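Colleague: When you get a sec, could you give me coordinates for this:
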Amino acid sequence: MNNNIKITIHHLGPIQDCTFSVRPFTVLTGPQASGKSTLAKAVYFFLTVKEDIREAALMPDPDDDSIAMTLEQALNRRLRSKFLSLFGTSWVMPDDMTISCQFSEKISMKLYLRPGNSDYQNFVYTDYSPYLSQALHEFSQKKYSDDPVSIRRYWNDIFGFDEDVIYIPAGREMITLLTDVLGSLITLHPEIARKIDYSTRRYISMILSLRSDFDRGTEGLLKKKQYETTERIDFSSAGRMQQIMDRILQGRYQYSDGEEKLLIGQPDERRYVKINYASSGQQEAVWVLNILYYYLLNPGNVFVIVEEPESHLYPDAQKDILEALALFGNKGNTVLITTHSPYILGAMNTLLYAEGVSDSPEREKIVSSDLILRSDNLAAGYLKDGGMQNILHDGLISNEVIDEASSTINAATDALMELKWKENARGEISDR
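Modeller: The predicted structure is shown next:
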């Protein structure tokens, strides 16, 4: 991923002012409603603009029955729709709301409302840097309309990165339970689908498109890659990811006979549980892990954004899913997570601290080399009171942030213990 990408937010949701630089591995933490998802969705919004351009070039807007639009006009329309689907109506936003992204020295763009323009408050405007605007104009003059490969290559070169971007939202348990129902709504009832936010719609579509690849489980997917392609397979990483998946899921996923299942037990005596009867933690984690495993085996790097990977998981499993994300990131992919969990942050510190310990069999038993996080590749942000502060100090995440919730609880417990001690002391005095 291009480490020069910088996103700036002004007056969007809970965020008052924030500037964020994309790193190979990022963690965002902070209290509820502090802006973690807002920032994650802003990253997703801008880094999927390449897809919007390809779609604008290849697929005319089915809702538009007006005269033909320029590529830039068609793109503006898509970006406006995507913005409202991700962040909600702009009627309730301050009229000086602005989000912008600097992809490189020459490529940048901005979305904004116009202050004082109350008659058009819900109209989201888009500006492009001169170089990007010129690239859009020149591209529209070329005959790429029927060549998706050329379109993809062209815009990868313009924006300076080639990763596909995947957003894995929170609330995965319910999505896992209702994947088929939600998929039908998206396909058959577009007016209802618009009520589902953009990132969730894309996540559901991804699950529906990938399920058939797991018709023989992860073992079958690995064998298929082994025998049907000439690409080099990293068996070591695939094996380690499988071990992590086994520990978290306590079973192996398979999609067969039109049903999602977790196979339990040894291969010669396996039984299964349908995914809708699995535990909430298994339902939350299963497609996070499936997506990581699938893209670990497939060529090309991806940028994966995961909201609350720890959801409904026991602390040991939270450590495991962080290790799965670290393994995935260390194979050339980019990772951004949002979290409330001190266990996730603590596990990150373990993987960061291992960077400073010499490679040895003893260290390898504690933290293997393919899980180690490098502090110079990592960003850690704490969102609160409308802004974000860096919480990575001396190569580690600040212990004050990790211990913040427990410190508050411990302070209350200490105060109660002191109060109880005073009550007991007064009782002893009155008994004399």
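
Colleague: Name the helix or strand for Ala135, please.
Modeller: Using DSSP states H and E, Ala135 sits in helix 130-141.

Colleague: Quick check: what element follows that helix along the chain?
Modeller: Counting by DSSP H and E, what follows helix 130-141 is helix 148-159.

Colleague: Show me which positions of that next one end up buried.
Modeller: Buried residues in helix 148-159, defined by neighbour count with 16 or more other CB atoms under 10 Å: 151-152, 154-155, 158-159. Yep, even glycine has a C-beta here, placed from its N, CA and C like the rest.

Colleague: quick one on the thing from earlier: report all helices and strands that the helix holding Ala135 contacts.
Modeller: helix 49-58, helix 71-87, helix 148-159 (3 or more CB pairs under 8 Å, 6 or more residues apart in numbering; DSSP states H and E).

Colleague: can we see that at 10 Å?
Modeller: Contact here means 3 or more CB pairs under 10 Å, 6 or more residues apart in numbering; DSSP states H and E; on that basis helix 130-141 packs against helix 49-58, helix 71-87, strand 108-112, strand 125-128, helix 148-159.

Colleague: can I get those in JSON lines with mean pLDDT?
Modeller: Shown next, in JSON lines, are the helices and strands packed on helix 130-141 (pLDDT from 0 to 100):
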{"stretch": "helix 49-58", "mean pLDDT": "89"}
{"stretch": "helix 71-87", "mean pLDDT": "92"}
{"stretch": "strand 108-112", "mean pLDDT": "97"}
{"stretch": "strand 125-128", "mean pLDDT": "96"}
{"stretch": "helix 148-159", "mean pLDDT": "88"}
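
Colleague: Looking at the buried residues of helix 148-159, which is nearest Gly239?
Modeller: Distance to Gly239 across those (CB to CB) is lowest for Arg152, with 31.6 Å.

Colleague: so Ala170 makes contact with Ile337?
Modeller: No - applying CB atoms under 10 Å, one finds Ala170 not in contact with Ile337, separated by 11.1 Å.

Colleague: Report the buried residues of the strand or helix carrying Arg201.
Modeller: Element membership for Arg201, per DSSP H and E: helix 198-210. By 16+ other CB under 10 Å, the buried positions in helix 198-210 come out as 198-204, 206-208, 210.

Colleague: shared neighbours of Ala170 and Ile337, which are they?
Modeller: 36, 306-309 (CB atoms under 10 Å, 6 or more residues apart in numbering).

Colleague: Tell me the most packed of those residues, by neighbour count.
Modeller: Highest neighbour count within those: Lys36, with 27 neighbours (other CB atoms under 10 Å).

Colleague: quick one: pLDDT of that one?
Modeller: pLDDT, Lys36: 96.

Colleague: Not counting its neighbours along the chain, what's nearest it?
Modeller: Spatial nearest neighbour of Lys36, excluding adjacent residues (CB to CB, 6 or more residues apart in numbering): Thr338 at 4.0 Å.

Colleague: What of Glu219?
Modeller: Per CB to CB, 6+ apart, closest to Glu219 is Arg252, 7.6 Å.

Colleague: got it, and Ala56?
Modeller: In space, Ala56 is closest to Ala74, 4.1 Å off (CB to CB, 6+ apart).

Colleague: before we move on, what about Gly265?
Modeller: In space, Gly265 is closest to Arg271, 5.8 Å off (CB to CB, 6+ apart).

Colleague: Ramachandran angles for the one you found?
Modeller: Dihedral pair for Arg271: phi -120, psi 180, per degrees, to the nearest 10.

Colleague: how about a markdown table for the shared contacts of Ala170 and Ile337, with secondary structure added?
Modeller: Shown next, in a markdown table, are the shared contacts of Ala170 and Ile337 (DSSP: H, G, I helix; E, B strand; the rest coil):
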| residue | secondary structure |
| --- | --- |
| Lys36 | helix |
| Val306 | strand |
| Glu307 | strand |
| Glu308 | coil |
| Pro309 | coil |
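
Colleague: Closest one of the residues you listed to Thr413?
Modeller: Among those, and counting by CB to CB, the member closest to Thr413 is Glu308, at 26.6 Å.

Colleague: Looks like the closest one contacts Thr339 (just checking).
Modeller: Yes - counting by CB under 10 Å, Thr339 is a contact partner of Glu308 at 6.1 Å.

Colleague: Now do the shared contacts for the two.
Modeller: Shared contacts of Glu308 and Thr339, defined by CB under 10 Å, 6+ apart, comprise Lys36.

Colleague: and the gap between Glu72 and Ser236?
Modeller: Noted for Glu72: a distance of 47 Å to Ser236, by CB to CB, to the nearest Å.

Colleague: the more surrounded of those two?
Modeller: The residue with more neighbours, out of Glu72 and Ser236, is Glu72; 18 against 10, by other CB under 10 Å.

Colleague: Would you confirm that that one contacts Tyr128?
Modeller: Yes - at 7.5 Å, Glu72 counts as touching Tyr128 under the criterion of CB under 10 Å.

Colleague: Please enumerate the shared neighbours of the two.
Modeller: Leu136.

Colleague: With respect to Ile5, which of the helices and strands packed on helix 130-141 lies nearest?
Modeller: helix 148-159 (8.9 Å).

Colleague: which helices and strands does the closest one pack with?
Modeller: In terms of contacts (3+ CB pairs under 10 Å, 6+ apart), helix 148-159 is packed against helix 49-58, helix 130-141.

Colleague: With mean neighbour count as added columns, please give those helices in JSON lines.
Modeller: Shown next, in JSON lines, are the helices and strands packed on helix 148-159 (neighbours: other CB atoms under 10 Å):
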{"stretch": "helix 49-58", "mean neighbour count": "20"}
{"stretch": "helix 130-141", "mean neighbour count": "14"}
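
Colleague: what stretches of the stretch 101-250 of the chain score poorly on pLDDT?
Modeller: Across the stretch 101-250 of the chain, the ranges flagged by pLDDT under 70 are 116-122, 143-146, 181-194.

Colleague: and if we set it to 90?
Modeller: Within the stretch 101-250 of the chain, the stretches with pLDDT under 90 are 114-123, 137-154, 171-198, 200-201, 204-205, 224-235.

Colleague: picking that back up, quick check, nearest of the shared contacts of Ala170 and Ile337 to Ala278?
Modeller: For these, the closest approach to Ala278 (CB to CB) belongs to Pro309, at 17.2 Å.

Colleague: Make sure that closest one is actually in contact with Thr339.
Modeller: Yes - under the contact definition of CB under 10 Å, Pro309 touches Thr339, with a separation of 6.9 Å.

Colleague: tell me the domain ranges of this structure?
Modeller: Residue ranges for the domains of the chain, per automatic domain parsing: 1-163+301-392, 171-299, 398-432.

Colleague: which helices and strands does the helix holding Arg201 pack with?
Modeller: On a contact count with 3+ CB pairs under 10 Å, 6+ apart, helix 198-210 meets helix 36-47, helix 71-87, strand 164-168, helix 172-177, helix 179-188, helix 190-193, helix 280-297.
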